[in-house]
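Visitor: Predicted model follows, preceded by the sequence.
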Amino acid sequence: MKRAVLTSVILLAGLLGSSSTALADHRWGFNFGVGVGFGGGYFQGGYGSYCHREFPRRFAHVHVRIPVYSCVWVPPVYETVFLGYDACGIPMYRTLVRCNGYYRSVVTGYRCQSCGAACY
């Protein structure tokens with residue numbers, strides 16, 4: 001009986017060890033040591049697999065340019081106008097604000113929509 005069980009375990013281990021798939025790598029592992037506390041040692045064995053294949057990307061990355069806006073201060077526009085002459089005959093001028101200053105959004109660059117890299 002012991003021989004039949006041992007033979008079937010060895011046969012099963014041989015079949016599992018020799019079978020391989022494209023996606024996984026199978027390995028045997030054994031561990032042993034001495035337990036502290038409840039006495040006695042232990043011996044463990046096992047068969048495991050892990051995936052070691054890197055899967056290729058499904059699509060090629062295409063940069064999609066998105067404009068990056070920044071606020072810029074546009075200074076006010078001044079204009080000097082002639083008002084006339086004073087009592088002594090000296091010309092009089094006055095500086096007027098033609099257009100007030102304001103903030104304006106301008107495109108300062110581009111970035112990729114999917115990866116965020118700077119595009120030029």
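Guide: Nice, I can see it.
Visitor: Which secondary structure element of the chain has the lowest mean pLDDT?
Guide: Least confident helix or strand of the chain, by mean pLDDT, DSSP states H and E, is strand 24-34 with a mean of 56.
Visitor: Counting neighbours, what do you get for residue 111?
Guide: Residue 111 is flanked by 15 other residues according to other C-beta atoms under 10 Å. The C-beta positions use only the backbone N, C-alpha and C, and glycine is treated the same way.
Visitor: Give me the buried positions along the strand or helix carrying it.
Guide: Secondary structure from DSSP states H and E places residue 111 in strand 102-112. By 16 or more other C-beta atoms under 10 Å, the buried positions in strand 102-112 come out as residue 110.
Visitor: What pairs with it, parallel or antiparallel?
Guide: strand 65-74 (antiparallel), strand 118-119 (antiparallel) (DSSP bridges).
Visitor: For the shortest one, the averaged confidence score.
Guide: Summarised as a single mean, pLDDT over strand 118-119 is 82.
Visitor: Same question for the first one.
Guide: Confidence over strand 65-74, taken as the mean pLDDT, stands at 93.
Visitor: Switch the strands paired with strand 102-112 over to JSON lines; also include mean neighbour count and distance to residue 5.
Guide: Below are the strands paired with strand 102-112 laid out as JSON lines (neighbours: other C-beta atoms under 10 Å; distance: least, C-beta to C-beta, whole Å):
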{"stretch": "strand 65-74", "mean neighbour count": "11", "distance to residue 5": "68"}
{"stretch": "strand 118-119", "mean neighbour count": "12", "distance to residue 5": "67"}
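Visitor: if we look at the strand holding residue 111, which residues are touching it?
Guide: Residues from elsewhere that reach strand 102-112 (C-beta atoms under 8 Å, 6 or more residues apart in numbering): 63-74, 117-120.
Visitor: Which of those residues sits closest to residue 9?
Guide: residue 117 (56.2 Å; C-beta to C-beta).
Visitor: which intervals of this structure have sub-threshold pLDDT?
Guide: Scanning the chain for pLDDT under 70 picks out the ranges 11-59.
Visitor: which one is residue 68 nearest to, not counting chain neighbours?
Guide: The spatial neighbour of residue 68 that comes closest, neighbours along the chain excluded (C-beta to C-beta, 6 or more residues apart in numbering), is residue 109 at 4.8 Å.
Visitor: No more questions from me, cheers.
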